[in-house]
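Peer 1: The following comprises the amino acid sequence and a computationally predicted model.
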Amino acid sequence: MRQLVILGATGSIGQSTLKVVAEHPERFAVLALTAQRSVTAMLQLCLRFKPRYAVMSEQAAATQLQHQLQAAGSQTTVLAGTQALCDIAAHPDADVVMAAIVGAAGLLPTLAAVKAAKTVLLANKEALVMAGAFFMQQVKSSGARLLPIDSEHNAIFQCLPASLQQAVCTHQIHAGSLQQQSISKLLLTASGGPFLQTSLHEFPQITPAQAVAHPNWTMGQKISVDSATMMNKGLELIEAHWLFQCPVEQIEVVIHPQSVIHSMVQYQDGSVIAQLGQPDMCTPIAYAMAYPERISTQVPALDFSKLADLSFSSAEPARFPNLYLAIEACRQGQAATTALNAANEVSVAAFLAGQLRFDQIAMVNAEVLEQCAMDKAIELEAILALDQQARLVAEKIIARRSS
Ligand code: NAD
Ligand code: MG
């Protein structure tokens, strides 16, 4: 029985994780669930999965949850705040930690799990984009095991030889490791999001409701907007760079609107190995939860007689400037990706709040990259300081634009 902590349990990834847990009660027990402030959703989850702990990052939400759980006769202990999130992620009884908080808020709890040598299932890509070098050093030195949940990275992981998989999990790899295994390229597939065919003239009028309506995947709001701008693929390219120690030049983004191929590995002999499946996160989650075994999910098998058409193209820079900003930031190094991630969180939140146009998200991100001082942000304190600085710069740019 593996004891599971789910950071971000009320979110899209959290819910899919609990679906897998519910199908395999003989394998997984829920030690703790965490959320920011959604008391109603958390109450339901606690009553159903009976975790030992529930952590709300906001104190008021924790107080409310505690009252409601008590009234329902629940035994779950409620904790509050960021330190409690970190403590739970590092709890001595936890075996597996699903890191599924969205954004930079996930960094410290995820790092706490890494430092405590847990098996960490990484959905929170922003943690790696923000702190890649530092984060991977911690994986290497702590003895933690890191498994990718992002469908593309999970697909690539599945397409690697077993010996390389082991080295990726424990970060015992270096810049030449892929080449030594005769791998020439990682091919990251992207759906292209809801605006792949939209006329560029219409981009300024795109609304938040349109942007979060992804054609293939059901996800949280922030990642849905990132998918629409293709910043998501940019963040994923940076994530792949760190996870697989792959130079930017050897990662290619391929638009594949059907989302059937979840990513591919190209070998030097001309072979390309791909992982295919339905666009349902339960598959990569179940794979990582049971690794190196495989377990069943409710995800239906692909029906090849109905897959009439798989198409591929490349991403136009004018349509997806955020992707190219991210590629450039990855080339520049860790500090640039820290600043870009922070800028993007602020600009996406402003777009969702109706304070910024869709096409202005990339403009704000680009301006922040120009304005931030990019010293080598390798240590945690410097990373957190740069993250804060980039957020302030982004907020000023947005305020100036709207006045
Ligand atoms: P979501 O918005 O649906 O859920 C986010 C979760 O994090 C919620 O439980 C929320 O309560 C919690 N949270 C939010 N802000 C917090 C804060 N400040 N402090 C503590 N907790 C906080 O997001 P999601 O779609 O589930 O995505 C989660 C992560 O997984 C993101 O990093 C995303 O990029 C990544 N991811 C998601 C998908 C997907 O299909 N949804 C796929 C690949 C990767
Ligand atoms: Mg993905």
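Peer 2: Received the coordinates, thanks. Note that the structure is a prediction, hence the values are computed from the model and not measured. Ligands and ions are numbered 1, 2, ... in the order given.
Peer 1: Residue 240: how many residues sit nearby?
Peer 2: Neighbours of residue 240 under the rule other Cβ atoms under 10 Å: 25. C-beta here means a position set from N, CA and C on the backbone, and glycine is covered the same way.
Peer 1: isn't there a strand covering residue 262?
Peer 2: Yes. Counting by DSSP: H, G, I helix; E, B strand; the rest coil, one finds residue 262 located in a strand.
Peer 1: wouldn't it be in contact with residue 153 here?
Peer 2: No. In this structure residue 262 lies outside contact range of residue 153 using Cβ atoms under 8 Å: 9.3 Å.
Peer 1: Residue in the stretch 101-250 of the chain with the shortest distance to ligand 1?
Peer 2: Distance from ligand 1 to each residue of the stretch 101-250 of the chain (Cβ to the nearest ligand atom) is smallest for residue 220, at 2.5 Å.
Peer 1: Is that residue in contact with residue 14, as I believe?
Peer 2: No. Checked against Cβ under 8 Å, the pair residue 220 and residue 14 is beyond contact range at 9.6 Å.
Peer 1: out of the two, which sits in the busier spot?
Peer 2: A count of neighbours by other Cβ under 10 Å puts residue 14 above the other of residue 220 and residue 14, at 23 against 18.
Peer 1: State the helix or strand in which the more buried one lies.
Peer 2: helix 12-23 (DSSP states H and E).
Peer 1: For that helix, which residues meet the burial criterion?
Peer 2: 12, 13, 14, 15, 16, 17, 18, 19, 20, 21 (16 or more other Cβ atoms under 10 Å).
Peer 1: cool, stretch 26-44 as well?
Peer 2: If you call a residue buried by 16+ other Cβ under 10 Å, then stretch 26-44 has these buried ones: 28-39, 41-43.
Peer 1: how far does that stretch sit from the chain's center?
Peer 2: Counting by Cα atoms, centre = their mean, to the nearest Å, stretch 26-44 is centred 19 Å from the centre of its parent chain.
Peer 1: Residue 316: neighbour count?
Peer 2: Residue neighbour count, defined by other Cβ under 10 Å, stands at 15 for residue 316.
Peer 1: Against ligand 1, how distant is it?
Peer 2: Using Cβ to the nearest ligand atom, to the nearest Å, one gets 23 Å for the distance from residue 316 to ligand 1.
Peer 1: confidence score at that residue?
Peer 2: Per-residue pLDDT puts residue 316 at 95.
Peer 1: show me what contacts it?
Peer 2: By Cβ atoms under 8 Å, 6 or more residues apart in numbering, no residues touch residue 316.
Peer 1: So it: helix, strand or coil?
Peer 2: When classified by three-state DSSP, residue 316 comes out as coil.
Peer 1: Number the chain from 8, please
Peer 2: Done: numbering now begins at 8, and the last item shifts to residue 323.
Peer 1: how about the strands in the stretch 58-207 of the chain?
Peer 2: Here the stretch 58-207 of the chain has its strands, by DSSP state E, counting those that start in this stretch, at 60-63, 84-87, 103-106, 126-129, 152-155, 190-197.
Peer 1: could these go into TSV alongside mean pLDDT, distance to ligand 1 and mean neighbour count?
Peer 2: Shown next, in TSV, are the strands of the stretch 58-207 of the chain (pLDDT from 0 to 100; distance: least, Cβ to the nearest ligand atom, whole Å; neighbours: other Cβ atoms under 10 Å):
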stretch	mean pLDDT	distance to ligand 1	mean neighbour count
strand 60-63	98	8	26
strand 84-87	98	11	18
strand 103-106	98	8	28
strand 126-129	98	9	26
strand 152-155	98	9	24
strand 190-197	98	12	22
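Peer 1: in the lengthiest helix in the chain, what counts as buried?
Peer 2: The residue-count maximum for a helix in the chain (DSSP state H) belongs to helix 387-409. Neighbour counts over helix 387-409 (16+ other Cβ under 10 Å) mark 389-391, 393-394, 396-398, 400-402, 404-405 as buried.
Peer 1: At the contact with ligand 1, which residues of the stretch 8-157 of the chain appear?
Peer 2: 15-21, 42-43, 45, 64, 107-109, 112, 130-133, 157 (Cβ under 6 Å from any ligand atom).
Peer 1: Next one: the nearest residue to residue 124 once chain neighbours are set aside from residue 117, what distance?
Peer 2: Distance criterion Cβ to Cβ, 6 or more residues apart in numbering; nearest residue to residue 124, sequence neighbours excluded, is residue 150 at 4.4 Å. Applying Cβ to Cβ, to the nearest Å, the value for residue 150 to residue 117 is 16 Å.
Peer 1: For the two, indicate the residue with more neighbours.
Peer 2: residue 117 (32 against 12).
Peer 1: Phi first, then psi, for the residue of the chain found nearest ligand 2.
Peer 2: Closest residue of the chain to ligand 2, Cβ to the ion: residue 157 (4.2 Å). Backbone torsions of residue 157, given as degrees, to the nearest 10, read phi -50, psi 130.
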